[in-house]
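In: fold the following, please.
(one chain, ligands or ions: 1)
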Amino acid sequence: MEPGIYIRVMEETDLPGVVSIERQVFSIPWSPASFLYELLKNPHSELLVADIVQQAEGHLAGYIVWWLITGEAQIGNVAVDPAFQHRGIGRKLVQTVLGRLEGREVESITLDVRESNEPAISLYRSFGFEEVGRRPGYYKKPCETAVLMTKVLLPSEEGGNS
Ligand SMILES: CC(C)(COP(=O)(O)OP(=O)(O)OC[C@H]1O[C@@H](n2cnc3c(N)ncnc32)[C@H](O)[C@@H]1OP(=O)(O)O)[C@@H](O)C(=O)NCCC(=O)NCCS
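Out: Next comes the predicted model:
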């Protein structure tokens, strides 16, 4: 396989690698059971993983969990292994989700992020996500404000020609 970053649908066998990254980057990580619920039971979710291929060897380097419910998409979780950050993997994961939504009747995509998480906020802004609200004290360990961000995908019908 050519060196590069490859995005694919997560499989159950990816769980240990995903949970390992989750535990490295979040103070309150999702449990393996939470990932399994999203993977196997939740009909509204899709889980994608990123493999980085170097010198013919592939490593699971990141993942994204997103939901699509009644015309609204939400990113629930995204992370990249610290050893592979700053190589465009987070960008490719978000780009892939946005690509999945192209041409579909989806009004918007939302997410929340810690207000101190500059790398993530910068990533989302670069795709056109904008801050739409704040929830003080939403996150724990440490207690922190959540910034709610949205990217509008379909123009609102209000104000349109009729
Ligand atoms: C946020 C995260 C997913 C970004 O993944 P990544 O693979 O390192 O990001 P990329 O290399 O694709 O960078 C994409 C953009 O993100 C932003 N970015 C990434 N790292 C950054 C940093 N340290 N400081 C500022 N901006 C940063 C930049 O806008 C960058 O674009 P640029 O390279 O053109 O400047 C990664 O840092 C991560 O896993 N963090 C821990 C978990 C987390 O916070 N998840 C998000 C929860 S809401």
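
In: longest helix in the chain, by residue count?
Out: Counting by DSSP state H, the longest helix found in the chain is helix 89-101.

In: the residue in the chain that the ligand sits nearest to: neighbour count?
Out: Per CB to the nearest ligand atom, Gly90 is where the chain lies closest to the ligand, at 2.3 Å. Bear in mind the C-beta positions are built from the backbone N, C-alpha and C, glycine included. When neighbours are defined as other CB atoms under 10 Å, Gly90 has 22 of them.

In: looking at it, it is touching Val80, isn't it?
Out: Yes. Using CB atoms under 8 Å, Gly90 is in contact with Val80, at 5.1 Å.

In: those helices in the chain, which residues are they?
Out: Under DSSP H, the chain gives helices at 15-25, 32-36, 89-101, 118-126.

In: got JSON lines for those helices, with distance to Gly58 and mean pLDDT too?
Out: Output for these, formatted as JSON lines (distance: least, CB to CB, whole Å; pLDDT from 0 to 100):
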{"stretch": "helix 15-25", "distance to Gly58": "11", "mean pLDDT": "98"}
{"stretch": "helix 32-36", "distance to Gly58": "20", "mean pLDDT": "98"}
{"stretch": "helix 89-101", "distance to Gly58": "13", "mean pLDDT": "98"}
{"stretch": "helix 118-126", "distance to Gly58": "23", "mean pLDDT": "98"}
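
In: buried deepest among those, which one?
Out: helix 89-101 (a mean of 18; mean count of other CB atoms under 10 Å).

In: helices and strands around that helix, which ones?
Out: strand 4-9, strand 45-54, strand 57-69, strand 72-80, strand 108-114, helix 118-126 (3 or more CB pairs under 8 Å, 6 or more residues apart in numbering; DSSP states H and E).

In: picking up where we left off before, shared neighbours, Gly90 and Val80?
Out: Gly62 (CB atoms under 8 Å, 6 or more residues apart in numbering).

In: what number of residues lie near Ile5?
Out: 17.

In: an error on my part: the question was meant for Leu48.
Out: Leu48, neighbours per other CB under 10 Å, totals 19.

In: just Arg104 next, same as before
Out: 11.
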